[in-house]
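J.: what follows is a predicted protein model with its sequence.
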Amino acid sequence: MACISLCLLQGCSAQKTNLISDEVETVSVEKLKYYLYYPEAYEQKQKEKFPLLLFLHGGGDVGDSLSQLKSSGPPKMLAEGKQFPFLILAPQHPHKKKWWNTRAVKQLLDTVVANNRVDPKRIYLTGLSRGGGAAWELAVQYPDTFAAMAVVCGMTPLPYAAWIDRKMPIWVFHGEEDNSIPISESETMVARLLEMGYDVQFTRYKGVGHNAWGRAYTNPDLYKWFMKQKRTD
């Protein structure tokens, strides 16, 4: 028995491990087309820094033609002649079957902020549908960036609630008859956020389906609310 145990031990010590330790530096490359809107006062007030709203569109506007972005949200309102008191950055997601590359979006945002007179304490985030889900993700990945966030008919994993900056106000919009992303996605997340003490508002649209953005983004109170928000850290 002793001899057998010794042989087993010798066999184990002779085995080679398949576990190695190493590291690699990765680079994520994404080509993003985008619209950048400047308010009328931007050129007039050369010494002033302005707020910026980052808008992420839904799956229907994915592609390589920026004109598609004019179908919804703030870009649609701009095309119709609406004026805003802040810059608006609206990138276009190029992939039909892929999720937003939120790291690339943040790199674009950083570049725009660095090369324009943007108040870093007043950067606002909003998105609809697939872009709403990406907005939740950006809020989790970059909790020190945004002063406020509005999500329209988006979806997100519930554990994200614990990772979002507790000082960032949130406004959620959803249609009660949404068959693409059920309103329960927003209900569950809002309930968890309220339970954890977040500053969150929830607007439900009775009789409205997935196109909740048609009412959410034409609500002037949304932009008044954004303009009241500013990071204090």
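T.: Okay, I see it.
J.: can you give me the strands in the protein?
T.: Ranges of strands in the chain, per DSSP state E, are 33-37, 50-56, 87-92, 118-128, 148-152, 170-175, 200-205.
J.: mind listing what's buried along the longest one?
T.: When neighbours are counted by 16 or more other C-beta atoms under 10 Å, the buried residues of strand 118-128 are found to be 118, 119, 122, 123, 124, 125, 126, 127, 128. From N, CA and C alone the C-beta is placed, and that goes for glycine too.
J.: mind checking the strands of the chain for the one nearest to residue 79?
T.: strand 33-37 (9.8 Å; C-beta to C-beta).
J.: how much space separates the residue lying closest to residue 49 once chain neighbours are set aside from residue 86?
T.: In space, and not counting its chain neighbours, residue 49 is closest to residue 119: 4.1 Å by C-beta to C-beta, 6 or more residues apart in numbering. Going from residue 119 to residue 86 by C-beta to C-beta, to the nearest Å gives 9 Å.
J.: re the thing from before, distance to residue 193 added to the strands of the chain, as a markdown table?
T.: Listed next are the strands of the chain as a markdown table, based on distance: least, C-beta to C-beta, whole Å:
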| stretch | distance to residue 193 |
| --- | --- |
| strand 33-37 | 29 |
| strand 50-56 | 20 |
| strand 87-92 | 25 |
| strand 118-128 | 15 |
| strand 148-152 | 11 |
| strand 170-175 | 7 |
| strand 200-205 | 5 |
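J.: quick check: which of those strands is buried the most?
T.: Scoring the strands of the chain by mean neighbour count under mean count of other C-beta atoms under 10 Å gives strand 148-152 as the most buried, with a mean of 28.
J.: next, the angle from that one to strand 50-56.
T.: 30 degrees (axes from the mean of the first three to the mean of the last three C-alpha atoms, to 10 degrees).
J.: residues in contact with strand 148-152?
T.: Contact with strand 148-152 is made by 124-129, 132, 135-136, 139, 168-174, 186, 212-213, 216-217, 222, 225-226, 229, as judged by C-beta atoms under 8 Å, 6 or more residues apart in numbering.
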